[in-house]
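# all I have is the shape, not the residue letters:
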């Protein structure tokens, strides 16, 4: 049987019953619950109230047990925000309250306008976190390990290490080329960890403007800089109790790397323009499209790099796990059918052969986008992607496909076709780089361009982009 106050969002707790009554009256629009029976009763109350999002602790004074209550609340229900009111508002008490996890500190006598403003801000942030949690639950069902599609031998080590990572809070570094599914693996680790019910907060470090990196990650106080019109908690606070995924970690400026290292060492984050630090409980997963060796030798701080790379997961590119192509194609085509994009049943064998030869520099993301592009351009009534569809797509990407025959080597014997095949094969091995392909063929680049035009293989993108 549920508790009669199970849906209460605010709990006011003070041993001063007069203060309790005044605060409850001030916050009456939120239908708060009041409790003046001591710490044990408050802890029991928050355990029985799953909807509780804000605890208002009143009358904090030297030697008060309220600080211990604050710490116990944050340990038992870290998602609950705590607003502290104190009749002895010293800097030391304020700093200690914030350090132990209070959202803010208000002196007594208090401004009713300030208290109402703080409560509204805290509940708005809690509502946002609840929406993130709901989305995270959906993500957990979509991004478990069973959703990572692969039978390739090269992926077994990835699954083994990712499963091991999900059983601990050890920092993880995921390395792999763009489009290999690094965030998918990170989400799977989170979804299978003890933190699965808390937020998964992803951020691409390379996409953050240089002047906003520190503020976005660590937060800022109102007035800390021009344009800071309100407090911003930052990503560490948003991820409290859950996982913070820092993609392209190598792009962080060195001064931000130093601050990140301090947060990892101390478990406390201090916002820009703030004097006090706040405890955070966050699991860190990072990723990079550079190799582990390049990461180690890059401009990253060595102490931060080794702190983040306790467990390294290397995801192989799609060209090294070609056995997964049929599985991935079937999955993506099924997803397109479910979305009503186009009912494509599959690829003919020649089309699959062509894709097996393609290096997929954009990896799985490129495969998914390619299949959607081909699906939406199929003629009405056709439900199979053919070899000529794939050839057209490859040609538009500047990587002409060779003509494959039924013999064992797939090399044409007709001299005209053989020359076209050799050019296509050179371009394939050179990943579309025409200068390198010309060197492999022993011809000049101008000659290669002439041949491409002659065989109808002229690329539609400049050489600098291939």
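Structure's in. What do you need? What you see is a predicted model, and the numbers here were worked out from it, not measured in a lab. Numbering: from 1, shown residues only.
# in the stretch 51-200 of the chain, which spans are strands?
54-60, 81-86, 104-107, 172-175, 200-204 (DSSP state E, counting those that start in this stretch).
# who touches the longest one?
Contacts to strand 54-60, defined as C-beta atoms under 8 Å, 6 or more residues apart in numbering, come from residues 9-16, 19-20, 23, 27, 32, 42, 46, 66-67, 69-70, 73, 80-88, 93, 97, 108, 119, 122-123, 126. All C-beta spots, glycine's among them, are computed from the backbone N, C-alpha and C.
# show me the shaky parts of the stretch 51-200 of the chain.
59-65, 128-147 (pLDDT under 70).
# next: the stretch 351-466 of the chain.
Across the stretch 351-466 of the chain (using pLDDT under 70), the flagged ranges come out as 399-417, 455-466.
# which parts of it are strands?
Using DSSP E, counting those that start in this stretch, the strands of the stretch 351-466 of the chain run over residues 384-385.
# let me see the domain layout of this protein.
Domain assignment for the chain by automatic domain parsing gives 10-128, 143-316, 317-397, 409-466.
# okay if I get the ones you listed as CSV plus mean neighbour count?
Converted to CSV, these look like this (neighbours: other C-beta atoms under 10 Å):
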stretch, mean neighbour count
domain 10-128, 17
domain 143-316, 18
domain 317-397, 16
domain 409-466, 15
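# next, check the contacts of strand 54-60 against the helices and list the overlap.
Within the contacts of strand 54-60, residues falling in helices by DSSP state H are 19-20, 23, 42, 46, 66-67, 69-70, 73, 93, 97, 119, 122-123, 126.
# centre-most residue in this protein?
residue 202 (2.5 Å; C-alpha atoms, centre = their mean).
# so what's that residue closest to, chain neighbours aside?
residue 245 (4.3 Å; C-beta to C-beta, 6 or more residues apart in numbering).
# residue 391 versus that neighbour, what's the distance?
38 Å (C-beta to C-beta, to the nearest Å).
# try residue 376
Using C-beta to C-beta, residue 376 is found at 18 Å from residue 391.
# same question for residue 302.
For residue 302 relative to residue 391 (C-beta to C-beta), the value is 48 Å.
# also residue 165?
In this view, residue 165 and residue 391 are 41 Å apart by C-beta to C-beta.
# please apply the same query to residue 52.
According to C-beta to C-beta, residue 52 stands 61 Å off from residue 391.
# the strands of the stretch 51-200 of the chain: which one's closest to residue 215?
Among the strands of the stretch 51-200 of the chain, the nearest to residue 215 by C-beta to C-beta is strand 200-204 (12.4 Å).
# next SSE downstream of the closest one?
Note on strand 200-204: by DSSP states H and E, the next helix or strand toward the C-terminus is helix 213-218.
# for the helix or strand just after that next one, packing partners?
Going down the chain from helix 213-218, the next helix or strand is helix 235-238, by DSSP H and E. Packing partners of helix 235-238 (3 or more C-beta pairs under 8 Å, 6 or more residues apart in numbering; DSSP states H and E): strand 200-204, helix 213-218.
# rerun that using 6 Å as the cut-off
If you count contacts as 3 or more C-beta pairs under 6 Å, 6 or more residues apart in numbering; DSSP states H and E, helix 235-238 packs onto strand 200-204.
# so what are the sheet partners of the strand it packs on and their directions?
Strand 200-204 has the following sheet partners, assigned by DSSP bridges: strand 243-247 (parallel).
# next secondary structure element downstream of the partner strand?
Counting by DSSP H and E, what follows strand 243-247 is helix 254-266.
# so that next one versus strand 243-247, what angle?
Taking axes from the mean of the first three to the mean of the last three C-alpha atoms, to 10 degrees, one finds helix 254-266 and strand 243-247 inclined to each other by 160 degrees.
# what's in contact with helix 254-266?
Residues outside helix 254-266 that contact it (C-beta atoms under 6 Å, 6 or more residues apart in numbering): 213-214, 269, 301, 304, 307.
# average pLDDT for it?
The average pLDDT within helix 254-266 is 91.
# quick one: distance of it to the chain centre.
19 Å (C-alpha atoms, centre = their mean, to the nearest Å).
# ok, back up a step: got the contacts of helix 254-266 as JSON lines, with distance to residue 226 and pLDDT columns?
Below are the contacts of helix 254-266 laid out as JSON lines (distance: C-beta to C-beta, whole Å; pLDDT from 0 to 100):
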{"residue": "213", "distance to residue 226": "16", "pLDDT": "86"}
{"residue": "214", "distance to residue 226": "15", "pLDDT": "86"}
{"residue": "269", "distance to residue 226": "22", "pLDDT": "89"}
{"residue": "301", "distance to residue 226": "29", "pLDDT": "89"}
{"residue": "304", "distance to residue 226": "29", "pLDDT": "92"}
{"residue": "307", "distance to residue 226": "33", "pLDDT": "92"}
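# any idea of the pLDDT on the residue nearest to the centre of the chain?
Value listed for residue 202 in the pLDDT field: 92.
# what of residue 6?
pLDDT at residue 6 comes out at 55.
# likewise for residue 1?
pLDDT, residue 1: 37.
# how much space between the nearest residue to residue 431 once chain neighbours are set aside and residue 385?
Residue nearest to residue 431 in three dimensions, not counting chain neighbours: residue 359, with 5.4 Å by C-beta to C-beta, 6+ apart. With distances taken as C-beta to C-beta, residue 359 is found 19 Å from residue 385.
# for residue 233, same thing?
For residue 233, the distance to residue 385 - C-beta to C-beta - is 47 Å.
# over to residue 159?
For residue 159 relative to residue 385 (C-beta to C-beta), the value is 30 Å.
# got it, and residue 22?
Distance from residue 22 to residue 385, by C-beta to C-beta: 71 Å.
# do the same with residue 127
45 Å.
# same deal with residue 66?
According to C-beta to C-beta, residue 66 stands 67 Å off from residue 385.
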